[in-house]
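Novice: Need the 3D shape of this:
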Amino acid sequence: MWAAHILSYLVMSKVKKFLEGCIQLHYTPTTQMFCVFFCLFFCHHQANTLPNVAPSGTATQSSTIPLGDASHAIDGNKNTYYEAGFCTHTYDRLNSWWSLLLPAMYSISSISITNRNIVGERINKAEILIGNSLDNNGNNNPRCTVIDSIPNGGTSTFDCGGMIGRVVNLYHSGSDPQSVMSVCEVEVYGELYQAPSPSLSVGVNGGSIILVDKKLSWSDALFYCRDFHRDLLSIRNGEEQTKVEELLGNPTFPVTEHVWLGLRRYLMGEKWFWMSGDDPNDYSHWRHQTQSPIRQSSSPCGGIETSAPFHWTDHSCEDHANFICFDGDGTDVQKVTFFSSARSPKLPP
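Specialist: The predicted structure follows:
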């Protein structure tokens, strides 16, 4: 009977749940011990069979000295001699970082880092961060661990326990004004968690606006945009309104009568705000040329009509509609934090 339970947990659970199951099923001490050892063998086997997804991503870093391109950390070559041209290297600056943007969200089991053959102490105390936020170049994401040290020319592996994200960073968060980030290979072992949906986009103001072929509630649309792009779209001027109309006027897939924007109204008042933190008073395109009236307490979320004259409209946040995300460089504007108890517990805090 206990063997069947083990197989059941093996197939249906992640490693953490498997270990919890060893205790919760009230086995005898002998069977509990066997269960734990079996799981540890499985963990090791799983960690070595998951693919290295790092080469599918795009690497960047805080600065680059000659021969030290960020992409060298995901080129598959573990040569630890910097002069050979296979390692990364930033200038010595405060809060140096290296970042990897993956093409989709992954459940990341472990990360292996290969250090240079000399001055390996430069990696000491760097943080490994995993998440979906691009704010502060990805350096605001949750922490997997802090690197104590990696031997010169050696490779160390760090268990990240299935953290969810598409942004992986190495970050010197301390006060050293001459921190350097220099590694020779970064391997990210994980499995696909969620891929982005098909979309249509146009460029605007150095970035892009993306109409997503997926129907979600307003809050889920916000999380989606923050996971895969920068944010749910804010329309800050007439040029951006025109670009949105251009996008909605030629869709390549069926869209709902309205699509979500990053518009939200305070529940206890008439004031609307952009989730990006931009000022909604700078530009508006409500049907009545003023801020949208409160139709009902259950309509505090804003969208835009998908046909002319493309007015902004308020709706129940639970409506399922297409939505528009924004990608591009961040600004000094502070985006509004949003929490939903309905969000999947698999996603990082």
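Novice: Does anything pack onto the strand or helix carrying residue 325? Which helices or strands?
Specialist: Secondary structure assigned from DSSP states H and E places residue 325 in strand 321-327. Applying 3 or more CB pairs under 8 Å, 6 or more residues apart in numbering; DSSP states H and E, one finds that strand 321-327 contacts strand 207-216, helix 218-228, strand 231-232, strand 258-265, strand 301-305. (Each C-beta comes from the backbone N, C-alpha and C, glycine too.)
Novice: and that strand, how far out from the chain's middle?
Specialist: 16 Å (CA atoms, centre = their mean, to the nearest Å).
Novice: quick one: residue 141 and residue 129 touch, right?
Specialist: Yes: at 4.3 Å, residue 141 counts as touching residue 129 under the criterion of CB atoms under 8 Å.
Novice: Spit out the residues that contact these two alike.
Specialist: Counting by CB atoms under 8 Å, 6 or more residues apart in numbering, the contacts common to residue 141 and residue 129 are 167, 169.
Novice: circling back to that earlier point, what comes into contact with the strand holding residue 325?
Specialist: Residues outside strand 321-327 that contact it (CB under 8 Å, 6+ apart): 199, 201, 207-216, 218, 221, 224-225, 228-234, 244, 247, 255-261, 276, 303-304, 306, 315.
Novice: Give me the buried subset of the residues you listed.
Specialist: 199, 201, 207-212, 214-216, 218, 221, 224-225, 228-234, 244, 247, 255, 258-261, 276, 303-304, 306, 315 (16 or more other CB atoms under 10 Å).
Novice: Just the element for residue 244, please.
Specialist: helix 238-249.
Novice: what mean pLDDT would you report for that helix?
Specialist: The average pLDDT within helix 238-249 is 94.
Novice: Same check on stretch 204-213?
Specialist: 89.
Novice: now that stretch: how far from the chain's centre is it?
Specialist: 18 Å.
Novice: And for stretch 57-64?
Specialist: For stretch 57-64, the distance to the chain centre is 16 Å (CA atoms, centre = their mean).
Novice: any idea where the helices of the stretch 1-150 of the chain begin and end?
Specialist: With DSSP state H, counting those that start in this stretch as the criterion, the stretch 1-150 of the chain has helices at 2-12, 15-24, 29-49.
Novice: which stretch in the ones you listed is the model least sure about?
Specialist: helix 2-12 (a mean of 37).
Novice: Strands of the stretch 101-250 of the chain, start to end?
Specialist: For the stretch 101-250 of the chain, the strands defined by DSSP state E, counting those that start in this stretch cover 127-131, 143-146, 155-171, 185-194, 199-204, 207-216, 231-232.
Novice: Chain neighbours aside, what residue packs nearest to residue 225?
Specialist: Leaving aside its sequence neighbours, residue 225 sits nearest to residue 325 (CB to CB, 6 or more residues apart in numbering; 3.8 Å).
Novice: neighbours of that neighbour, just the number please.
Specialist: Here the number of neighbours of residue 325 (other CB atoms under 10 Å) works out to 26.
Novice: so how far is residue 249 from it?
Specialist: Using CB to CB, to the nearest Å, residue 325 is found at 18 Å from residue 249.
Novice: now residue 147
Specialist: From residue 147 to residue 249 the distance is 50 Å (CB to CB).
Novice: Just want to know which of these two has more residues nearby.
Specialist: In this view residue 147 and residue 249 are compared by other CB under 10 Å, and residue 147 has more residues nearby, 18 against 11.
Novice: List the residues that contact that one.
Specialist: 113, 123, 124, 125, 126, 127, 128, 156, 158, 170.
Novice: isn't the fifth one right next to residue 169, touching?
Specialist: Okay, so that is residue 126. No: contact criterion CB under 8 Å: residue 126 and residue 169 do not qualify, at 9.3 Å.
Novice: Cheers, nothing more for now.
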